[in-house]
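Q: Here is a sequence together with a model predicted from it:
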Amino acid sequence: MTYQECVTYINSIPKFTKKTELSNTEKLLDILGIERTIKGVIHVAGTNGKGSVCVCLSRILQEAGYKVGLFTSPHLIVLEERIQINQQQISKETFCMACEKVKQASEQMVQKGYLHPAYFEFLFGMAMFLFRKEQVDYIVLETGLGGRLDATNVFLHPLLTIITSISYDHTEILGDTLEKIAFEKAGIIKEKTPVIYWGTEPVVVKVIEEIAKKQKAFSLKITEKDYKILKIHQKSIDFCMNCGYYGNSNFSLPFSAPYQAANGALVLRAIEYLKKEPPISADKVQRALEKVVWPGRMEEVFPRVFVDGAHNMAGITAFIEAVKEIPQKGKQVLLFSVVKEKDFEPMIQKLCEQTEFSIFLLTEIEGSRKVELELIQKIFSKYTKKEIVCITDIKEALKKGIFLKGEKGTLFCVGSLYLIGQIKAVVKEEMEAYYD
């Protein structure tokens, strides 16, 4: 199969199969020859921040000399972004080889009466096949949705589980209360496996602690008391830990958003509780964090043009706080769109009422999940008297936003990772054309 044939096949999967149960994923791994007792797995769940935590962990372990497989979702531009080995996304050739292998396994499953793997499950199978083939030392897994029933939740004895901040998202699937959502996320906690979690919501703490106790798993709660933000720069944030393990060491993350310090604290305590011999030094940790690249998270893609993948209320709240930390000299313009599965009216209300944007520039995401531009405009008009500009085509909307902000202003793009992916694809296309 060619690369494009592989992409077409994977993208067509939702049309001929449905969400599967964990037993289906287990069968896929069985056919691929991957044991569920595989060692070196670090499993990460949560509503916001889990991708950042995964990429930071992966980078630190690589800096310490280990070979690390990283599986994340969603991708921004191309599917192979989801599967990385030592921070390098797999090549198109490797992608095709893994696709064909999992396709063959999928056909065997169907012949034996199982369902064809779902879209996410298929990509997870590709990642696991490659990680085994490359004999990685560690596998860092980001859950796709929830945790308890997620395809990644098939390994019996992970080294460590991590749960990042939990808030309202995917309520139609995970439940309409924080307690229900926390229960689903905490489903990754395994027997006698340490869990490190963000614990500022009492109801979340209660759920996680109860499940950890049931599983006889050591639990470590992280809050704002565990770290201190030293300084926020335009493109980075300096912080330190309020614990003895790292001494007086200061750390810097290449993100400007304050919430990334919380993610950094989770990562540093996770490294501590991996109990490596010899321990991973603070110097190695710092060198690794400085090299972290995680696209689409308050990322400056053009001068004074930032993209952020915030796509739920907690994410939007954090985005607004991050915007306040970026010095402003001219107009602030917001480019926004969203997918239909989200409860987006409260997000829009918060953006209108708690920000100083001069212009709201609205667009449509490509594909079946888009929200019609007229509906987005109608909701914005309900909450703001500021100027609203509507442009359906994302490429034209980006150009308009850059024009509207002027030389000294700032353009922020937010609302969906799919929007950010499409904007980054436009940027990549423009850059390639410029240097061609």
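A: Okay, I see it.
Q: For the rest of this, base every contact and every neighbour count on C-alpha atoms.
A: Will do.
Q: residues near residue 332, how many?
A: Using other Cα atoms under 10 Å, residue 332 is surrounded by 23 other residues.
Q: what is it paired to in the beta sheet?
A: residue 410 (DSSP bridges).
Q: Next, work out how far apart it and residue 12 are.
A: Distance, residue 332 to residue 12, by Cα to Cα, to the nearest Å: 40 Å.
Q: Repeat that for residue 60.
A: If you measure residue 60 against residue 12 using Cα to Cα, the figure is 36 Å.
Q: So which of those two has more stuff around it?
A: residue 60 (25 against 12).
Q: Lowest mean pLDDT among the helices and strands of this structure, which one is it?
A: Ranked by mean pLDDT, DSSP states H and E, the weakest helix or strand in the chain is helix 171-174, scoring a mean of 76.
Q: So what touches that helix?
A: 146, 177, 180, 181, 184 (Cα atoms under 8 Å, 6 or more residues apart in numbering).
Q: Would you tell me what the next helix or strand after the helix or strand where residue 23 lies is?
A: Using DSSP states H and E, residue 23 sits in helix 22-32. Counting by DSSP H and E, the next helix or strand C-terminal to helix 22-32 is strand 41-45.
Q: That next one - what's its average pLDDT?
A: Regarding strand 41-45, the rounded mean pLDDT is 98.
Q: Now do the following helix or strand past that strand against strand 41-45: the angle between them, please.
A: Sequence-wise, the next helix or strand downstream of strand 41-45 (DSSP H and E) is helix 50-63. Orientation note: helix 50-63 sits at an angle of 160 degrees relative to strand 41-45 (axes from the mean of the first three to the mean of the last three Cα atoms, to 10 degrees).
Q: So what touches the next helix or strand after helix 50-63?
A: Going down the chain from helix 50-63, the next helix or strand is strand 68-71, by DSSP H and E. The contact list for strand 68-71 (Cα under 8 Å, 6+ apart) reads 54-55, 58, 61-62, 82-87, 124, 127, 131, 136-142.
Q: 7 Å instead, please
A: Identification of contacts with strand 68-71 by Cα atoms under 7 Å, 6 or more residues apart in numbering yields 58, 61-62, 82-86, 127, 131, 136-142.
Q: So which of those sit within strands?
A: Using DSSP state E to define strands, the subset of these located there is 83, 84, 85, 138, 139, 140, 141, 142.
Q: pLDDT weak spots in this protein?
A: For the chain, applying pLDDT under 70 flags the ranges 171, 431-436.
Q: Counting neighbours, which of the ones in strands among the contacts of strand 68-71 comes out on top?
A: Most surrounded of those: other Cα under 10 Å gives residue 142, at 28 neighbours.
Q: Correct me if wrong: that residue contacts residue 43.
A: Yes: with contact defined as Cα atoms under 7 Å, residue 142 reaches residue 43; the gap is 6.3 Å.
Q: what residues are up against the residue nearest in space to the middle of the chain?
A: Nearest residue to the geometric centre of the chain (Cα atoms, centre = their mean): residue 51, 3.3 Å. Residue 51 sits next to 72, 142 when contact means Cα under 7 Å, 6+ apart.
Q: same thing with residue 151?
A: Contacts of residue 151 by Cα under 7 Å, 6+ apart are 22, 25, 121.
Q: Of those residues, which is the nearest to residue 36?
A: Nearest to residue 36 among these: residue 25, at 10.4 Å, using Cα to Cα.
Q: what separates that closest one from residue 152, distance-wise?
A: Look at residue 25 and residue 152: by Cα to Cα, they are 8 Å apart.
Q: Could you tell me the end-to-end distance of stretch 401-419?
A: So stretch 401-419: terminal residues 14 Å apart, Cα to Cα.
Q: What residues of it count as buried?
A: If you call a residue buried by 16 or more other Cα atoms under 10 Å, then stretch 401-419 has these buried ones: 401-402, 404-405, 409-419.
Q: just those now: which is nearest residue 254?
A: Nearest member of the buried residues of stretch 401-419 to residue 254, counting by Cα to Cα, is residue 412, at 17.9 Å.
Q: Would you agree that closest one falls within a helix?
A: No: using DSSP: H, G, I helix; E, B strand; the rest coil, the assignment for residue 412 is strand, not a helix.
Q: How about the contacts made by it?
A: 305, 306, 307, 333, 334, 335.
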